[in-house]
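**Q** quick check, what structure comes out for this input:
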Amino acid sequence: MVAGLAGCGTNAQTPPQQPASPSAAPSPTFDEAALRRKIASLLVVGFRGQTVSSNDWIVQAIQNGLGGVILFDKEIETNAPRNITSPAQVTALVKSLKDASPGGKLIVSIDQEGGQVARLNPSNGFPATKSEQEIGAQNSPAATRAWAQQIVDSLNSIGANLNYAPVVDLNTNPNNPAIGQLQRSFSANVNVVVSNATEEIQVHRAGKVKTSIKHFPGFGTATGNTDFDVVDVSATWTPTQLEPFQQLIRNGMADSVLVAHLLIRQLDPNLPASLSPAVVTNLLRGQLGFQGPAVSDDMQAAAITRRYGLNEAVELGLKAGLDLLVFANQQTYDPNVVDETLDNVVNLVRTGRLTEAQIDQAVARVDTLRP
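**A** A predicted model of the protein is given here:
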């Protein structure tokens with residue numbers, strides 16, 4: 001399936017020379033170069049290296065309109081340093097990336113939750129931070145603000161402007177390997193989660209850093225990690241898991257919402273949440289009324305790649321209503337992922353499976369995350 005779609009995407013750069021047969025649907029007319037830049041602006045991509053030069057593929061992608069990058073401290077397989085080795089080094093790296101961006105509107109994103117999930121940490125010269133679970137146990141607005149300020153100060157110091165945080169999953173299953181065991185949740189109590197997340201988001205906003213509440217529609221009951229396998233939470237997920245998201249959205253506290261690769265058969269019997277119109281369009285946008293950008297979890301995660309080709313997953317995600325597609329380039333490293341994805345989505349528009357109006361809507365939403 002991947003090879004077939006990828007080949008189709010590659011051909012998309014050269015319009016067919018033969019006239020369409022009478023039975024073929026008319027192709028939409030569009031400015032392909034302009035469309036490619038629009039699509040590029042919807043992608044956030046990971047890359048290797050602590051420095052970059054003008055010849056690097058990531059720099060060239062940024063110059064051609066890539067929406068953003070995601071920074072990691074370590075390679076997931078080898079634990080070798082990836083993008084961050086010291087404050088001075090990563091600050092210079094971010095400046096080089098931003099300098100390549102037309103208009104300086106590059107999204108520089110990172111997972112800086114606190115505790116064990118903090119890409120800026122003592123091993124690379126940044127302060128240690130408490131976990132959300134520790135902060136939730138204190139449940140003190142002043143302590144939460146001080147903790148959040150420490151996180152924002154580190155982000156501001158390097159020039160990052162989008163933090164994939166806070167986690168607002170309920171700590172329903174403390175043995176959850178993706179959430180509970182890593183102390184990533186404030187609490188099992190909805191009110192504790194919402195109040196502490198609100199404090200954290202307000203501090204980020206004061207520091208001009210956007211946030212992404214995660215992992216919609218609720219990861220707290222899981223017994224697996226979508227980074228490594230498909231996780232079906234149908235037997236344990238309940239609508240209570242939605243309540244933190246619902247309250248934060250209603251209170252205007254959601255800059256963006258990150259959608260998980262969870263299978264919840266009550267919501268969609270076949271598709272994971274991230275690729276499901278029932279979840280992204282009907283539930284998140286319709287029922288919960290969220291009008292901002294919907295962000296994908298890593299599109300190269302095992303939960304996706306074991307069931308779908310990348311091109312198929314991108315098509316399903318955009319049709320579902322995702323706006324910002326994240327490619328961590330960790331579990332799979334593909335320097336061609338930007339060009340391949342642009343070819344794929346241009347072909348989707350050309351063949352009428354997506355419309356340019358849908359792309360334009362996504363661009364408008366994602367633009368709200370730009371500095």
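**Q** part of a helix, is Arg184?
**A** No: using DSSP: H, G, I helix; E, B strand; the rest coil, the assignment for Arg184 is coil, not a helix.
**Q** give the closest residue to it in space, chain neighbours not counted.
**A** Leaving aside its sequence neighbours, Arg184 sits nearest to Val167 (Cβ to Cβ, 6 or more residues apart in numbering; 4.7 Å). All C-beta spots, glycine's among them, are computed from the backbone N, C-alpha and C.
**Q** from Thr85, how far off is the one you found?
**A** In this view, Val167 and Thr85 are 26 Å apart by Cβ to Cβ, to the nearest Å.
**Q** looking at the two, which is more packed in?
**A** Val167 (30 against 15; other Cβ atoms under 10 Å).
**Q** any figure for the gap between that one and Pro217?
**A** Distance, Val167 to Pro217, by Cβ to Cβ: 14 Å.
**Q** next: Arg145.
**A** Using Cβ to Cβ, we find Arg145 at a distance of 28 Å from Pro217.
**Q** more neighbours: which of those two?
**A** In this view Arg145 and Pro217 are compared by other Cβ under 10 Å, and Pro217 has more residues nearby, 26 against 16.
**Q** surely the more buried one meets Leu267?
**A** Yes: between Pro217 and Leu267 there is a contact under Cβ atoms under 8 Å: 6.7 Å.
**Q** what is in contact with those two at once?
**A** Ala273, Val279, Leu283 (Cβ atoms under 8 Å, 6 or more residues apart in numbering).
**Q** would a markdown table of those with secondary structure be doable?
**A** A markdown table is the format used below for the shared contacts of Pro217 and Leu267 (three-state DSSP):
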| residue | secondary structure |
| --- | --- |
| Ala273 | helix |
| Val279 | helix |
| Leu283 | helix |
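**Q** of those residues, just the buried ones, ChimeraX syntax please.
**A** A single ChimeraX command selects the buried members of the shared contacts of Pro217 and Leu267 (16 or more other Cβ atoms under 10 Å):
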select :273,279,283
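**Q** distance of the closest residue to Ser187 other than its chain neighbours relative to Thr332?
**A** Spatial nearest neighbour of Ser187, excluding adjacent residues (Cβ to Cβ, 6+ apart): Gly136 at 4.2 Å. Going from Gly136 to Thr332 by Cβ to Cβ gives 34 Å.
**Q** how about Val190?
**A** Applying Cβ to Cβ, the value for Val190 to Thr332 is 36 Å.
**Q** so for the two, which residue has more residues nearby?
**A** More neighbours surround Val190 than the other of Val190 and Thr332, with 18 against 15 (other Cβ under 10 Å).
**Q** next up, the contacts around the closest residue to the more buried one other than its chain neighbours.
**A** Spatial nearest neighbour of Val190, excluding adjacent residues (Cβ to Cβ, 6+ apart): Glu243 at 4.7 Å. Glu243 is in contact with Leu170, Val190, Val194, counting by Cβ under 8 Å, 6+ apart.
**Q** is Glu243 within a helix or a strand, and which one?
**A** If you go by DSSP states H and E, Glu243 is part of helix 243-250.
**Q** OK, contacts around the residue lying closest to Lys105 once chain neighbours are set aside?
**A** Among residues not flanking Lys105 along the chain, Arg370 sits closest, at 4.4 Å (Cβ to Cβ, 6+ apart). Residues in contact with Arg370 (Cβ under 8 Å, 6+ apart) are Lys105, Ile107, Asn161.
**Q** what's the helix or strand encompassing Glu315 packed up against?
**A** Per DSSP H and E: Glu315 is located in helix 310-320. Helices and strands touching helix 310-320, by 3 or more Cβ pairs under 8 Å, 6 or more residues apart in numbering; DSSP states H and E, are helix 2-11, helix 302-305, strand 325-327, helix 337-350, helix 356-367.
**Q** which one of the contacts of Glu243 is nearest Ala320?
**A** Minimum distance to Ala320 across the contacts of Glu243 is 23.6 Å, recorded for Leu170 (Cβ to Cβ).
**Q** can you classify Arg307 as helix, strand or coil?
**A** coil.
**Q** His261 versus the nearest residue to it once chain neighbours are set aside, what's the distance?
**A** Of all residues not flanking Arg307 in the chain, Val230 sits nearest, at 6.4 Å (Cβ to Cβ, 6+ apart). According to Cβ to Cβ, Val230 and His261 sit 8 Å apart.
**Q** again, but for Ala118
**A** With the distance defined as Cβ to Cβ, Ala118 ends up 22 Å from His261.
**Q** pretty sure Glu32 is touching Val346, no?
**A** Yes: contact criterion Cβ under 8 Å: Glu32 and Val346 qualify, at 6.2 Å.
**Q** looking at these two, which is more packed in?
**A** Ranked by neighbour count (other Cβ under 10 Å), Glu32 and Val346 place Val346 first, with 21 against 15.
**Q** is it true that the more buried one touches Ala34?
**A** No: taking contacts as Cβ under 8 Å, Val346 lies outside contact range of Ala34: 10.8 Å.
**Q** quick revisit: contacts only, for the residue nearest to Arg307.
**A** Gly224, His261, Leu263, Pro272, Ala302, Ala303, Arg306, Arg307.
**Q** cool, Asn163 as well?
**A** Shown in contact with Asn163 (Cβ under 8 Å, 6+ apart): Ser109, Ile110, Asp111, Gln112, Ile151, Leu155, His204, Val209, Lys210, Thr211, Ser212.
**Q** can I get the residues you listed in a markdown table with pLDDT?
**A** As requested, the contacts of Asn163 are exported to a markdown table (pLDDT from 0 to 100):
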| residue | pLDDT |
| --- | --- |
| Ser109 | 99 |
| Ile110 | 98 |
| Asp111 | 98 |
| Gln112 | 98 |
| Ile151 | 98 |
| Leu155 | 98 |
| His204 | 99 |
| Val209 | 98 |
| Lys210 | 98 |
| Thr211 | 99 |
| Ser212 | 98 |
